[in-house]
Structures are given as structure tokens and as C-alpha cells.
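Visitor: Let's see this in three dimensions:
(chains A and B)
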Amino acid sequence: MVKPTRVTNSIRAHREARGITQAELARRIGVTRQTLLAIEGERYSPTLELAFQIAREFEVPLGDVFEYPSM
Amino acid sequence: MVYHERAAWAGLIASFVTVGVYVGLVRGAEGWIWPMVWAIGVGVAVSILITIVWGIFAGIRDREDATASDLRDRDIARMGGRVEQAFLVIAGLGVIVLCAVGAELFWVANTMFAGFVVASIVGGVARVIAYRRGLA
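Guide: Sure thing, here's the model as predicted:
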């Protein structure tokens, strides 16, 4: 199956390191738990605004959470 | 499962029910009008019924998520709408051609009906796949 997005992320690792549940993070950034699940599973690319919101929740730069492969 | 995903499933199921009811009724009937009216009516009723019943069960499980929607739902709805539109345009052009050649009303109405049904099924499948497998 072709992956719908090439953007990879480490949301789950950041979330677990801080002891934040999916439901809690979803509530903080204003999306449903299913959408956060899809983003974490790399089945949906968040908007730039949402990506910044996620990075801000973890208090890290955007590049620490999201990556885009060069090839 | 969020509200819009349940609605996509309900619409898809209702589309198949509509086709089934129409094919079942039109074969034994003299005209096509009442079978089509019944089929559309049953399809709408089935869609509403599934959405309500499923919504109640989803609400019992997770009240907040049962009615929530966000930008992903909007993206998927937009994509599904684009897919549906393509088939509606094809059906519309078919109707214009049939009118131009003076075809019977039966063919004109059934071409449009087929266009609605195919658009609804293909759009519904596209939405469900986007929810299950992802959307870029």
C-alpha cells in the first residue's frame, strides 16, 4: 500500500515521554482523538498551523517532531 | 468513530439499499416513477435511521467524540465531494445528450438516477477509504 504522506513524526514518543494521553493532546490542540491517531500513524498530514501547535505543546522546535525525507 | 465517518458509512449503505429497492420494484411495476420515488424515500430513511441508531451507541461509548468534527473531516468531505461531482457531471452530460436525441423520459430519468447512485457509492467508498487508510 502506498503511504498517504511522506511526513514522519515522533509525536507518540514525545507524548509518552511527557505522560500525555492521546485524548488529552487531542483536546489541547482542538482535534478529535481519531485525527490525532491518524497523524501519529502517518495516515494524515496535519496543516502547518496544527503541526506548530503540536510542537508548541511539547515545547520543542517543529523539526524535532516532524521530518520530511530528502528523497 | 467520528460522526462524519459514521455518516459516510450510512450514506454508502443507504445507496446500496436504494439500488436494491429500485431494481426490486421496477421489475414488477408498469412505470418507473413510483419505484424511483420509493427507492429514494427508503434510501433517505435508511440513512437517517442508521445515523441516529449508530449515533446513540457511539454516544454511549464516548459522548465527546460521537459528535466532534475537525479539519480532517472537512478535508475528507471535500475530497469525497470532488469525486462525487465528477460522476454527476458525466450523468448530467448524458441527460443532455439523451434530451438532444429525443430519448424517452424513462432513459433520461434513469440516467440521472444512475448518476446520483454511482456518485454516492463512489464518493462514499472514497470517504471510507480516506478514513481507514489515510489522506495525504
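Visitor: In chain A, which residue sits nearest chain B?
Guide: At 2.9 Å from chain B, residue A:43 is the closest residue in chain A, using C-beta to the nearest C-beta. C-beta here means a position set from N, CA and C on the backbone, and glycine is covered the same way.
Visitor: and that residue, what is it in contact with?
Guide: A:3-5, B:133-135 (C-beta atoms under 8 Å, 6 or more residues apart in numbering or on different chains).
Visitor: One more: residue B:123?
Guide: Residue B:123 sits next to B:80-81, B:83-84, B:87 when contact means C-beta under 8 Å, 6+ apart.
Visitor: For those, give me CSV that also has secondary structure, distance to chain A and pLDDT.
Guide: Output for the contacts of residue B:123, formatted as CSV (DSSP: H, G, I helix; E, B strand; the rest coil; distance: C-beta to the nearest C-beta, whole Å; pLDDT from 0 to 100):
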residue, secondary structure, distance to chain A, pLDDT
B:80, helix, 15, 94
B:81, helix, 18, 94
B:83, helix, 16, 93
B:84, helix, 20, 94
B:87, helix, 23, 94
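Visitor: from those, which would you call buried?
Guide: B:80, B:83-84, B:87 (16 or more other C-beta atoms under 10 Å in any protein chain shown).
Visitor: any low-confidence regions in chain B?
Guide: B:136 (pLDDT under 70).
Visitor: interface residues of it facing chain A?
Guide: B:1-2, B:5, B:65, B:68-73, B:133-136 (C-beta under 8 Å from any C-beta of the partner chain).
Visitor: Which single one of the residues you listed is nearest to chain A?
Guide: Chain A has its nearest neighbour among these in residue B:134, at 2.9 Å by C-beta to the nearest C-beta.
Visitor: excluding its backbone neighbours, what's nearest the closest one?
Guide: Leaving aside its chain neighbours, residue B:134 sits nearest to residue A:43 (2.9 Å; criterion: C-beta to C-beta, 6 or more residues apart in numbering or on different chains).
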